[in-house]
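Student: I would like the atomic coordinates for the input below:
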Amino acid sequence: MADYAIGLSFHKAHRTIVRAIGLNAPCRYYATRSNAGMITLPTLDTGNSYVEIQGVTQADFSISDNNQDFRLLGDEGWNDSVITGSSVQASCTAYFLKDAEIPAGGQCPQFRGNYDEGFALIERARYDKDFEIYIEFLKELGQADGATGNYIYDFTGFNACIQNYSESLNAEGLTEVSFDLMSRGKPVFGRYDNGSSQIVFGGVQSNLLFLESGVRQVAVVPADNASAISVSSNLTATFTSNGTVALTELALGQADGSGFELTNASTGAKVSATVTQGTGGSANVFTINPDASLTAGTIFTLNVLDGAVTQAVDANGAASASGMKRPIQGTKVTFRTA
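Tutor: Residues are numbered from 1 along each chain as shown. Predicted coordinates for the structure are as follows:
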């Protein structure tokens, strides 16, 4: 046996961080490795940021080599071979995660009817077979000088498609999913220096842009609890920062406007309507035009779902034409027709 506490040298799997970025085809990211084996992370496009894959319980990682055997005249009967190609595969098991968001001005997270930001990258593989992610596995090796110095990580980073998604449901258990990460292009391995602090992991990932007075507001016409509304009226939702200054870089979250739900409050029946976004100086105004006149003397509900409207923002949350689209918090109003 070793004459020191060798077990303390073993890497503990729970000190592994998994993070990823959803890619917009044909974009891919590649880290670089120096001659000393140190990693420089890829430069991300404006508005892109890492998303933590928090629910992973197991990852079976392997490098598969394509080995080509050959024989030569005069080889005295012995086979030889050469590796002609390689690929990386990570077979993962994770929990099915719901979304948690911290409201503007709040401290405690709340659950909302959506997927966790990390899990959303995984579940997309169920329907989008061309979707790729850039993913990193970082195993903490400790500080460079033992108890002092920068924090060093074993680094694996590669572009991948998500294949073979499956779910396991048990009446007395938690919903688990399994999937395979199949590399696309060249993987990069090495050691990553994160500086004087550890990589922060495990916090609430808040992707939703919350409505907040003076920052991001929406005014719906008719207003909540309005009455005597004309049966032929259109409805509007106007997004501003403070009630007057228009928000910019807005878009419909769903091209068909299905994030705006107009329903009969008594029966729950949906009212067919066309949703359009204004242009030019009115691009912050969204109009809901019912396909037919509303029923008189009836209470209706307009439910603007989370993500019915998106805003392109940079890493600091400021509107940016080159930023990433993020969903805006929804709202709901009820009104009565004349």
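Student: quick one: pLDDT of D291?
Tutor: The model reports D291 with a pLDDT of 95.
Student: surely H14 forms part of a strand?
Tutor: No. Counting by DSSP: H, G, I helix; E, B strand; the rest coil, H14 is not part of a strand but helix.
Student: what's the local residue count around it?
Tutor: 6 (other C-beta atoms under 10 Å). (Glycine included, C-beta is placed from N, CA and C.)
Student: from G7, how far off is it?
Tutor: In this view, H14 and G7 are 15 Å apart by C-beta to C-beta, to the nearest Å.
Student: cool, S266 as well?
Tutor: S266 is 68 Å from G7, where distance means C-beta to C-beta.
Student: and K332, by the same measure?
Tutor: Counting by C-beta to C-beta, the separation of K332 from G7 is 57 Å.
Student: S266 and G7: who's more crowded?
Tutor: For S266 versus G7, neighbours defined as other C-beta under 10 Å are more numerous around S266 (11 against 7).
Student: so where's the stretch 101-250 of the chain uncertain?
Tutor: 103-107, 206 (pLDDT under 70).
Student: which parts of it are helices?
Tutor: Remark: helices assigned in the stretch 101-250 of the chain by DSSP state H, counting those that start in this stretch are 117-123.
Student: now do the domain split for the protein, please.
Tutor: The record's domain split for the chain, according to automatic domain parsing, is 6-193, 217-337.
Student: and the ones you listed as a markdown table, adding distance to G202?
Tutor: Below are the domains of the chain laid out as a markdown table (distance: least, C-beta to C-beta, whole Å):
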| stretch | distance to G202 |
| --- | --- |
| domain 6-193 | 7 |
| domain 217-337 | 20 |
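Student: endpoints of stretch 272-286, how far apart?
Tutor: Terminal residues of stretch 272-286 are spaced 16 Å apart (C-alpha to C-alpha, to the nearest Å).
Student: just the mean pLDDT for it, thanks.
Tutor: pLDDT averaged over stretch 272-286 gives 95.
Student: show me the contact partners of it.
Tutor: Contacts to stretch 272-286, defined as C-beta atoms under 8 Å, 6 or more residues apart in numbering, come from residues 236-240, 246-248, 250-252, 256-257, 260, 262, 287-292, 309.
Student: coming back round to it: so which of the domains of the chain is nearest L209?
Tutor: Nearest to L209 among the domains of the chain is domain 217-337; the distance by C-beta to C-beta comes to 4.8 Å.
Student: chain center to the closest one: distance?
Tutor: Relative to the centre of its chain, domain 217-337 is centred 24 Å away, using C-alpha atoms, centre = their mean, to the nearest Å.
Student: G37 reaches V188, doesn't it?
Tutor: No. G37 is beyond contact range of V188, at 10.7 Å (criterion: C-beta atoms under 8 Å).
Student: which of those two has more residues huddled nearby?
Tutor: Shown here are G37 and V188; by other C-beta under 10 Å, V188 has more neighbours (19 against 10).
Student: nearest residue to that one in space, please, no chain neighbours.
Tutor: Closest residue in space to V188, ignoring its immediate chain neighbours: A31 at 4.4 Å, by C-beta to C-beta, 6 or more residues apart in numbering.
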